[in-house]
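**Q** Sequence first, then the predicted structure:
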Amino acid sequence: MSEHELHVLLVEDDPAVRLGCEQALDLEGIAVRAFDSAEAVRTAFSPGCPAVVISDVRLPGKDGLTLLRELRTLDAGLPVVLITGHGDINMAVQAMKDGAYDFLEKPFPPEQLVEVARRALEKRALTLEVQTLRRQLAEGGGAGQVVQRLIGRSPAMEQLRRMILDLADTDADVLIHGETGTGKELVARCLHDCSRRRERHFVPLNCGGLPESVFESELFGHEAGAFTGAQKQRIGRIEYASGGTLFLDEIETMPLVLQIKLLRVFQERVIERLGANRPIPVDCRVIAASKADLRRQADEGRFRADLYYRLNVVSLEIPPLRERREDIPLLFEHFAQEAARRYNREVPAVDESISRQLFAHAWPGNVRELRNAADRFVLGLGRNFIGGGALETGELPLARAVEAFESALIAEALRRHGHSLARTAQALQVAKTTLHDKLKKYGLTGES
């Protein structure tokens, strides 16, 4: 067993029970290391290791509850499952208060042990991945760390990150398309932060949030006395972004009369403040974003075709969450941990019914809606924390829904088994060649 492979640290002083638990886990492809005391497992444990602990409560020397408290002090994200004797309800309640992930009551069937171990390992894998992501962001300094803010393992997100790294330092204007809540501004910020312009301003402007009467002044600025109320000179957003990046969100809402003036700026890279005649050179990269189909709007006369083609030097498509459902567990874990720190709460366990809800929902609000759902989940607002009511399954075609679920299932199994093809195939009960074909189909990777 590789030290980097996800595994179970099993603590049980009864040799027969210990052997039975080892065999049950091993038969299901779950790597396990067994110990006969809390002191023994303590020497094998290190904070951040890819493991979960399953321990009997009644042990010689240090008991399981003491072990739980010690390990959770060292590693607050470690899932610890305690095995209690029949009727030890008070002990089980105390264990959960002390942060136990779950508990098993003797005697328990092998299937229950395996199911609890799998859930705990899945939780651990997600927690470790989120911790790695946060560490990379904290260290900063490299473009690779910057784009890790775009969380996801799906092929679509991998491709998006690669494109950002390829485009970031080119100065090419970019048009970003994506539904509401997919993270268009985050993509724009990644493009800026990975570029040589990152030391200068990133200037966002929501074109749908400004009245038409002040739009021109906001974009171009004005001189003192240019109009009633203009008492002093004001630098506009475009000029302020010079040397950096101008981000125009919801550009489809920009009035047509202003689109003409904006086109001239993009072509000549000069502006004139309102009330002035002197042209001012500007050197800013333009990133525009839209949730609408600008090509169709241009064809229908609702958006200037020449501006569309001027903006559309390079286009980036952000996939909606329903088309990358394999990313949902990692995103949800990330948002839940953020919410737990913000509200000073523990992250509740994600059981099978909650996972089903997460995969079944259509997520019309995309990542933003998922973040809100994670907040409600951490705050304990009932089982219907998704949207606060009935689920929306959307109009996802059956074939695509099945593929999304299969891809997510395989990705989770790969993580649980350290990306080992052999162990993953065994756990999923499929031939290794079949699994290899599916990895190729879904753009996943494993190790022989």
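**A** Nice, I can see it. Numbers count the residues shown, from 1 in each chain.

**Q** all contacts plus neighbour counts: C-alpha atoms, from now on.
**A** Fine.

**Q** ok, which stretches of the stretch 251-400 of the chain are strands?
**A** 270-271, 280-281, 285-290, 314-317 (DSSP state E, counting those that start in this stretch).

**Q** In CSV, please show the C-alpha coordinates belonging to the longest one.
**A** The one in question is strand 285-290. Listed next in CSV are the C-alpha coordinates belonging to strand 285-290 (Å, rounded to 0.1, in the frame of the first residue of the first chain):
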residue,chain,number,x,y,z
ARG,A,285,-7.0,44.8,-22.1
VAL,A,286,-10.8,44.4,-22.6
ILE,A,287,-12.6,41.4,-21.2
ALA,A,288,-16.3,41.3,-21.8
ALA,A,289,-18.8,38.8,-20.4
SER,A,290,-22.4,38.0,-21.4
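
**Q** Residue numbering should commence at 38 henceforth.
**A** With the count now opening at 38, the last piece we talked about shows up as strand 322-327.

**Q** Leaving out chain neighbours, which residue sits closest to residue 267?
**A** residue 261 (5.3 Å; CA to CA, 6 or more residues apart in numbering).

**Q** show me the contacts for that neighbour.
**A** Neighbour list for residue 261: 267-271, 312 [criterion: CA atoms under 8 Å, 6 or more residues apart in numbering].

**Q** Residue 300 too?
**A** 343-344, 347.

**Q** Among those, which one sits closest to residue 77?
**A** residue 347 (67.1 Å; CA to CA).

**Q** Number of residues surrounding the closest residue to residue 238 other than its chain neighbours?
**A** In space, and not counting its chain neighbours, residue 238 is closest to residue 281: 4.9 Å by CA to CA, 6+ apart. Residue 281 has 26 neighbours, counted by other CA atoms under 10 Å.

**Q** about what we covered before: A helix includes the residue nearest to residue 267, no?
**A** No - applying DSSP: H, G, I helix; E, B strand; the rest coil, one finds residue 261 to be coil, outside a helix.

**Q** mind checking how far it is from residue 324?
**A** Applying CA to CA, to the nearest Å, the value for residue 261 to residue 324 is 30 Å.

**Q** Make sure the residue nearest to residue 238 is actually in contact with residue 234.
**A** Yes - counting by CA atoms under 8 Å, residue 281 touches residue 234, with 5.0 Å between them.

**Q** Number of residues surrounding residue 102?
**A** Neighbours around residue 102, by other CA under 10 Å: 23.

**Q** Among the contacts of residue 300, the buried ones, what's the PyMOL command?
**A** Buried residues among the contacts of residue 300 (16 or more other CA atoms under 10 Å), as a PyMOL selection:
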select buried, resi 344+347
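
**Q** roughly how far apart are residue 369 and residue 136?
**A** 20 Å.

**Q** tally of neighbours for residue 348?
**A** Neighbours around residue 348, by other CA under 10 Å: 21.

**Q** From residue 240, how far off is it?
**A** For residue 348 relative to residue 240 (CA to CA), the value is 17 Å.

**Q** contacting residues around residue 341?
**A** Contacts of residue 341 by CA under 8 Å, 6+ apart are 293, 296-297, 335.

**Q** cool, and residue 312?
**A** Counting by CA under 8 Å, 6+ apart, residue 312 makes contact with 259-264.

**Q** rewinding a little: among the contacts of residue 261, name the buried ones.
**A** Buried among the contacts of residue 261 by 16+ other CA under 10 Å: residue 271.

**Q** Make a markdown table out of the contacts of residue 261 and add distance to residue 110 and pLDDT.
**A** Listed next are the contacts of residue 261 as a markdown table, based on distance: CA to CA, whole Å; pLDDT from 0 to 100:
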| residue | distance to residue 110 | pLDDT |
| --- | --- | --- |
| 267 | 60 | 73 |
| 268 | 60 | 74 |
| 269 | 59 | 83 |
| 270 | 58 | 83 |
| 271 | 55 | 84 |
| 312 | 65 | 79 |
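
**Q** Could you list which of the contacts of residue 261 belong to strands?
**A** residue 271 (DSSP state E).

**Q** give me every residue that touches residue 268.
**A** 261-262.

**Q** I'd like to know how far it sits from residue 259.
**A** 10 Å.

**Q** returning to what we had before: residue 369 and residue 136: which is more packed in?
**A** Applying other CA under 10 Å to residue 369 and residue 136 shows that residue 369 carries more neighbours, namely 22 against 19.

**Q** What's the local residue count around the residue nearest to that one when sequence neighbours are not counted?
**A** Nearest non-adjacent residue to residue 369, counting by CA to CA, 6+ apart: residue 411, 6.1 Å away. For residue 411, the neighbour count with other CA under 10 Å is 24.

**Q** Next: residue 414.
**A** 24.

**Q** Show the model's pLDDT score for it.
**A** Looking at residue 414, its pLDDT reads 90.

**Q** Would you quantify the distance from it to residue 270?
**A** Going from residue 414 to residue 270 by CA to CA gives 49 Å.

**Q** again, but for residue 162
**A** Counting by CA to CA, the gap from residue 162 to residue 270 is 55 Å.

**Q** Would you mind giving the domain segments of this structure?
**A** Domain ranges of the chain: 44-174, 192-355, 359-479, per automatic domain parsing.

**Q** and these as a markdown table, adding distance to residue 186?
**A** A markdown table is the format used below for those (distance: least, CA to CA, whole Å):
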| stretch | distance to residue 186 |
| --- | --- |
| domain 44-174 | 7 |
| domain 192-355 | 8 |
| domain 359-479 | 11 |
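
**Q** Between those, which has the poorest mean confidence score?
**A** Checking each of the domains of the chain, the one with the poorest mean pLDDT is domain 359-479, at a mean of 78.

**Q** Quick check: end-to-end length of that one?
**A** 15 Å.

**Q** How far does it sit from its chain's centre?
**A** Centre-to-centre, domain 359-479 and its host chain are 11 Å apart (CA atoms, centre = their mean, to the nearest Å).

**Q** Repeat that for stretch 221-230.
**A** The chain centre lies 15 Å from the centre of stretch 221-230; the measure is CA atoms, centre = their mean.

**Q** List the buried residues for that stretch?
**A** Buried-residue list, stretch 221-230, by 16+ other CA under 10 Å: 221-222, 224-230.

**Q** Remind me what the longest helix that the chain contains packs against, helices and strands.
**A** For the chain, the helix with the greatest residue count under DSSP state H is helix 147-176. Contact analysis of helix 147-176 by 3 or more CA pairs under 8 Å, 6 or more residues apart in numbering; DSSP states H and E lists strand 44-48, helix 52-64, strand 88-93, helix 180-184, helix 365-380, helix 435-453 as its packing neighbours.

**Q** can those go into CSV with extra columns for distance to residue 108?
**A** As requested, the helices and strands packed on helix 147-176 are exported to CSV (distance: least, CA to CA, whole Å):
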stretch, distance to residue 108
strand 44-48, 12
helix 52-64, 21
strand 88-93, 9
helix 180-184, 30
helix 365-380, 19
helix 435-453, 21
